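1. A predicted structure for the sequence below; I have some questions about it.
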Amino acid sequence: MEMRTNNCVSDIMGEVSAEGLTLDLLREAREMVRSSPLGVINTPMIPWCQTTLPLDIHCNIHIKLENMQRTGSFKIRGVANQFARRPKGGHFVTMSAGNYGKSFAYASKHYGSKGKVVMPETAPVSRSILIQSFGVEVERVPTSCLMNVVNRCVQEENMTFLHSYDDLDLIAGHASLGMEVLEVMPEPDVVVVCCGGGGLLAGVAAAIKLSGCDRTRIYGVEPEGGTLPFELCQRYVEGIVLINDEEIKAAVSTLYRSGLVVEPSGSAAFAAIVNNKIPELEGKNVVCILSGGNIGKDELANFSD
C-alpha cells in the first residue's frame with residue numbers, strides 16, 4: 001500500500017515484521033491484557049458531542065480516553081503483555097524518558113522483577129524519582145549513550161532488554177486498544193492515533209485492519225520532524241500528519257478547559273482533527289485517541305491560557 005502523507009515521512013526503521021502480527025495473536029494478547037494482574041482498564045470511549053469541546057466539522061467523533069488508563073497512558077497495555085510472556089523474577093533493562101519507564105517500573109514491582117531504566121539526562125528529575133519509587137534503578141546518561149549503556153547491562157550484568165516500542169509482544173498488547181475501539185464502533189471510517197515511537201499506531205492499525213475493517217482510514221499524528229518507524233505502519237496506515245508545537249499547546253489547553261487532563265503527546269490526534277489536518281471527515285464515524293494524561297501541575301501551567 002502506498003503511503004499518502006502530509007509532508008511525506010518515509011524512513012522505515014525497526015525489526016518488527018508485519019507478518020509477525022496475526023489476528024489470533026492479537027486476540028490472545030487482548031485476553032492477556034484484559035486479565036492482567038496489572039489492572040489494565042477498558043477505558044471509556046465517549047461521543048465528542050457529549051463534551052464541551054469545540055468542533056467545526058459535521059461528523060460523528062468518539063474520543064477514546066486512554067489518558068484515564070492505569071499509570072496514566074496506553075503504555076501499560078504493551079507492558080502487561082511483555083511481562084506476561086517473560087519469566088517472573090527476571091532482571092530487565094529498558095530505556096525511556098517517561099511513560100514507558102513508569103509502566104515498566106509499575107510492572108516490575110508487581111511481578112517482583114529487578115529492573116533498570118536508562119533515561120536521557122534531559123528528562124525531568126521528577127520522572128526519575130517516580131520510577132525509583134517503584135524500586136527500579138534509574139541511570140541517567142547523555143542521549144547519545146542510551147543504547148551503549150543498555151548493551152553494557154545486557155552483556156555484563158546479564159539483563160534482558162525490553163524495547164519500549166519495537167517489540168512484537170508490546171505492539172500486540174497495544175493492539176488491545178484497537179480491539180476495544182471496535183467493540184464500541186465496529187466499523188469506523190477514520191481512526192486518528194498519536195505516532196510517537198510507533199508502537200501504539202502499529203498495534204491499533206493492525207487490530208482494526210486484521211479485524212476486517214478494510215475501508216477504515218487510519219492516520220498517525222506526530223510533531224514536525226518525526227520519522228515513520230514501522231513496516232506495520234506502512235502496510236496499515238493511510239498517512240502521517242504533522243503538527244507543530246503551537247497546535248499541541250493549544251490542544252492541551254482546550255482539552256483542559258473541557259475537563260480533560262491530557263499530556264502534549266497524548267493530545268496529538270485531537271490537535272490534528274481540530275486543525276483540519278485529517279481529510280474528508282464530513283459525515284464520517286471517527287475515533288480520536290487521547291493516549292496519555294501524565295502531565296504535572298507545573299507543566300500544565302505552561303499550557304493554560
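-> Yep, that arrived.

2. use CA for all of it now, contacts and neighbours both
-> Will do.

3. show me where the stretch 151-300 of the chain has strands.
-> Assigned by DSSP state E, counting those that start in this stretch, the stretch 151-300 of the chain shows strands spanning 160-161, 190-194, 217-223, 239-243, 285-290.

4. Other residues contacting the shortest one?
-> Strand 160-161 is contacted from outside by 90-94, 150, 154, using CA atoms under 8 Å, 6 or more residues apart in numbering.

5. Tell me the one among those residues nearest to residue 208.
-> Nearest to residue 208, judged by CA to CA, of these is residue 94 at 28.5 Å.

6. which SSE is that closest one in?
-> According to DSSP states H and E, residue 94 maps onto strand 91-95.

7. okay, now the domains of this protein?
-> 18-74+167-301, 87-161 (automatic domain parsing).

8. And those domains: which comes nearest residue 81?
-> Comparing the domains of the chain by CA to CA, domain 18-74+167-301 comes nearest, at 5.2 Å.

9. Quick one: residues in contact with stretch 286-295.
-> Against stretch 286-295 from outside (CA under 8 Å, 6+ apart): 59-69, 72-74, 99, 181, 188-194, 261-270.

10. re the thing from before, select from the contacts of strand 160-161 the one having the most neighbours.
-> Compared across these, residue 93 has the highest neighbour count, 27 neighbours, by other CA atoms under 10 Å.

11. wait, that residue sits on residue 108?
-> No. The pair residue 93 / residue 108 is not scored as a contact, 10.4 Å apart, by CA atoms under 8 Å.

12. tell me which residues form a beta bridge with residue 137?
-> Beta-bridge pairing of residue 137 under DSSP bridges involves residue 116.

13. Neighbours of it, how many?
-> Residues near residue 137, counting by other CA under 10 Å: 18.

14. Minimum distance to residue 52: which of the strands of the stretch 151-300 of the chain has it?
-> strand 285-290 (15.3 Å).

15. tell me the mean pLDDT over the closest one?
-> On average, the pLDDT along strand 285-290 is 98.

16. Okay, now the sheet partners of that strand, with direction.
-> When DSSP bridges is applied, strand 285-290 pairs with strand 60-65 (parallel), strand 190-194 (parallel).

17. With only the CA atoms kept, save the last one in CSV.
-> These are the backbone C-alpha positions of strand 190-194, laid out as CSV (Å, rounded to 0.1, in the frame of the first residue of the first chain):
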residue,chain,number,x,y,z
VAL,A,190,-11.4,7.1,10.3
VAL,A,191,-9.2,6.4,13.4
VAL,A,192,-6.6,9.1,14.4
VAL,A,193,-3.7,8.0,16.7
CYS,A,194,-0.6,9.6,18.0
